[in-house]
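Student: I would like to see how this sequence folds:
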Amino acid sequence: MRAALAGREIPLPGAEIGSVSFDPSLSLTATTLTIAAVVLLVTLCVQVYSLWYLRDDPRRRSFQSTVTLFGAAMLLLVLSGDLVLSLVGWEVMGWCSYLLVGHDSARPAARRAAHKAYLVTRAADIALVSGVALLVAGAGTTSLVGITEHWQSTGARLLGAPLVTWALLMVVVGVLGKAAQLPFSDWLPDAMEGPTPASALIHAATMVAAGTVLLAQLAPLLASATGARVLLGLSVSATMVLGALLAALQADVKRLLAWSTVSQVAIMLSPFALVGAGPQDHGAVGAGLAHMYGHALFKALLFLTLGWLATTAGGTAATRLTGAARRHPVALVSWALGLAALAGVPVLVGGVSKEHVVAVALASTRDAGRSGEPAWLPVLVLGALLLTVVLTAAYSARAFVVLAVGRRDEVARTRAVMPPAIVAVLVVLAAGTTLGAIAIWLGAFDPAGHASLLLLLLVTLLVLLGGAAGAWACLDRDPVGDGTGRASRLAAAGLHADRVYVAGVVVPVLALARLVRFVDDAVIGTYVRGAGWLGAGLGGAGEVAHRRSRPGSATLLVALALLLLLGATLVVLLTEPAASPGVLG
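Tutor: This next block holds a predicted model:
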């Protein structure tokens, strides 16, 4: 296939594999190049940060090599115009995340978190690979353009539903797994066992954001797959609210940011549940990608700022980090800007991108109920978005109070010295968080219009009032918290989702495995062993008889065999006609 660059097409080599045409290509547009630029920026910042953060780690080079491969895999997915290339980038990221989360493999918690992330995302990827295989096999090509054209023109159905809907359902399941959405959400907070630079990369510009890019590539097909969009809408609506609520209750600030990522990824995926619900289809794709772009900037800023503060405070617990941001002005400003963008303050990149997501949901509610579209889906997504805005402002305000204000008797009086490289990284990301909205205003993501001034003022009011009320009233006027309360313990345990996994998945699978083992051993194995026992018994009987026989008996038997052989030979010679003369001569 050929990739478009500013109106031109550049041919790339392809191949025919059986009945499928493999046409690798790159999609070079303003949107993909903007996302690629932010991926490169965040990866570069993480690499520079790692030089300081892992300066005494003997495996630092291995870590940084994996980070480079991670970023390259995300770039391949972002720029891909071919579904197989997208799948390659997708799977390489899954492998890299396993290596990065489990980097400190000497700790059992890190090993467990890596195994959990790998198993959960790989289980979801079974559905993804199946969906991709169905799309490619049906279209006879791996090109995204060819796949879209084929499935938009075919009417193939399975069990009463369009075949493309089944394929997109499986793709959505894979996306939910990688993006840590319900019911796969619990692996991401546990991935905090990895080093802070790895967390910044996984949460900001790669891995969990990959599903947004893949759905954007398949958006024309998703628009006609109502069942897949309903599944996506239900999952992200529940996840964004639950993630924000759990973030507000965390006693560990790093896990607060982790659950925040779960919630924010749900926000960037939510427009894709609405691509077929009205005339805002193209705007939905642009709004989702724009929030992914903004989230990469401010979430990387938050994680890297927290990483430096945690090294000065000796941990990531809220009780240890009280007032820690006051130890250095760059850390204080970076933390404040990152949280403001996370909360959705206007003008900052997070506020502008979130504005477009809410605008798309609001526009979709006006066209809800058209033929073949569920009228309740846009209303559900919009309600979840507005509630999440309030909760996000609440935990953002709490995180700011903990690290930037604190209690006077708990704030350290000494000022920490920040290395120049860390200052440079935080300043660059803070500048991107402050000025990154310019790319959205210039149309890099081509969102369908801006929200009205009234909506903008409403969202701003919700942010301010929700943040104030949530941080102070809902948290019993104790924004720090020590994690001893029942709600905090439940939130820290992720509502014990592990127990649900064990009861709903592990126990049935192990029971099935034990049943299969029993059938194989007690039923099938009995016949195999019985044949062996029979042969062994006959052989043993012959061996016993042979040992008990005398040499004379053996000689007699040999003689009888020779007599029988001689007799048979004579019979044959006597019964054959005489040979004609000259035959032997």
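
Student: Residue 223 reaches residue 276, doesn't it?
Tutor: Yes - using Cβ atoms under 8 Å, residue 223 is in contact with residue 276, at 4.0 Å. C-beta coordinates here come from the backbone N, C-alpha and C atoms, glycine included.

Student: more crowded one of those two?
Tutor: The neighbour comparison of residue 223 against residue 276 (other Cβ atoms under 10 Å) goes to residue 276, with 22 against 19.

Student: Checking that one next. Helix, strand or coil?
Tutor: Following DSSP: H, G, I helix; E, B strand; the rest coil, residue 276 is assigned to coil.

Student: show me what contacts it?
Tutor: Each residue near residue 276 by Cβ atoms under 8 Å, 6 or more residues apart in numbering is listed here: 222-226, 229, 373.

Student: In strands, which of those fall?
Tutor: Judged by DSSP state E, strands contain none of the contacts of residue 276.

Student: Among those, which lie within helices?
Tutor: Using DSSP state H, the members of those that fall in helices are 222, 226, 229.

Student: When you compare pLDDT across these, which one is lowest?
Tutor: Least confident of the ones in helices among the contacts of residue 276 in the model: residue 226, at 88.

Student: thought that one was touching residue 374?
Tutor: Yes - under the criterion of Cβ under 8 Å, residue 226 makes contact with residue 374 at 7.3 Å.

Student: do you know how far the residue most central in space within the chain is from residue 214?
Tutor: Closest residue to the average C-alpha location of the chain: residue 178 at 1.4 Å, with Cα atoms, centre = their mean. Residue 178 sits at a distance of 9 Å from residue 214 (criterion: Cβ to Cβ, to the nearest Å).

Student: Secondary structure element for residue 444, which one?
Tutor: Element membership for residue 444, per DSSP states H and E: none, as it lies in no helix or strand.

Student: And the pLDDT at it?
Tutor: Note on residue 444: pLDDT of 82.

Student: now the strands: where do they sit in the protein?
Tutor: Using DSSP E, strands in the chain cover 2-5, 8-11, 15-17, 20-22, 157-158, 161-162.

Student: Compare those and say which comes out lowest on pLDDT.
Tutor: Note on the strands of the chain: lowest mean pLDDT is at strand 2-5, with a mean of 35.

Student: With neighbour numbers in mind, choose between residue 226 and residue 374.
Tutor: Remark: of residue 226 and residue 374, residue 226 carries more neighbours, 19 against 15, as counted by other Cβ under 10 Å.

Student: re earlier: tell me, what's touching residue 178 and residue 214 both at once?
Tutor: With Cβ under 8 Å, 6+ apart, residue 178 and residue 214 have common neighbours residue 90.

Student: would you list the ones in helices among the contacts of residue 276 in CSV and tack on distance to residue 183?
Tutor: Listed next are these as CSV, based on distance: Cβ to Cβ, whole Å:
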residue, distance to residue 183
222, 21
226, 21
229, 18
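
Student: out of those residues, which one sits closest to residue 319?
Tutor: Checking the ones in helices among the contacts of residue 276 against residue 319 by Cβ to Cβ gives residue 229 as the nearest, at 43.3 Å.

Student: got a list of what that closest one touches?
Tutor: Going by Cβ under 8 Å, 6+ apart, residue 229 touches 222, 272-277, 377.

Student: By pLDDT, rank those residues and give me the bottom one.
Tutor: Scanning the contacts of residue 229 for pLDDT, the low point is residue 277. It has 53.

Student: Just the pLDDT for the residue nearest to the centre of the chain.
Tutor: With respect to pLDDT, residue 178 scores 92.

Student: ok, it to residue 403 distance?
Tutor: According to Cβ to Cβ, residue 178 and residue 403 sit 30 Å apart.
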